[in-house]
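> Give the three-dimensional model of this entry:
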Amino acid sequence: MSDLKSSAFVLYSRERCPLCDEAKVILEEVRRDSGVQYKEIDIHSDDALLEKFALMIPVIEWKEEIVQFGKVDISALKKLLQK
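Reported below is the predicted structural model:
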């Protein structure tokens with residue numbers, strides 16, 4: 001479990017994004033249940049991120065791999081943590 005706690009999800013999002021708000025609620029629940037933190041990055045903070053993720057957000061990254069985008073599935077995130 002200590003390996004999990006040293007890892008964190010990365011959430012790429014932007015302001016005024018209802019799906020991003022839903023993703024934050026889900027990631028908060030995962031954090032409460034597992035202790036795994038998340039870091040939020042606004043795609044408008046970097047032109048390259050804006051170009052890469054503009055049509056995909058929210059985007060969730062785990063261990064440097066994109067694992068979900070758009071509508072976030074909490075059960076799939078929890079399954080990732082069991083691997």
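
> Can you tell me which helices and strands the longest helix seen in the chain packs against?
Counting residues, the longest helix in the chain under DSSP state H turns out to be helix 18-34. Applying 3 or more Cβ pairs under 8 Å, 6 or more residues apart in numbering; DSSP states H and E, one finds that helix 18-34 contacts strand 8-13, strand 37-42, helix 74-82. No exception for glycine: its C-beta is placed from N, CA and C like everyone else's.

> Quick one: residues in contact with that helix.
The list of residues contacting helix 18-34 from outside it, by Cβ atoms under 8 Å, 6 or more residues apart in numbering, reads 4, 9, 11, 13-14, 36-38, 40, 57-58, 60, 70-72, 74, 77-78, 81.

> again, only using 7 Å
By Cβ atoms under 7 Å, 6 or more residues apart in numbering, the residues outside helix 18-34 that reach it are 4, 9, 11, 13-14, 36-38, 57-58, 60, 70-72, 74, 77-78, 81.

> Out of the helices and strands packed on helix 18-34, indicate the one that is most buried.
Using mean count of other Cβ atoms under 10 Å, the stretch among the helices and strands packed on helix 18-34 with the largest mean neighbour count is strand 8-13, at a mean of 20.
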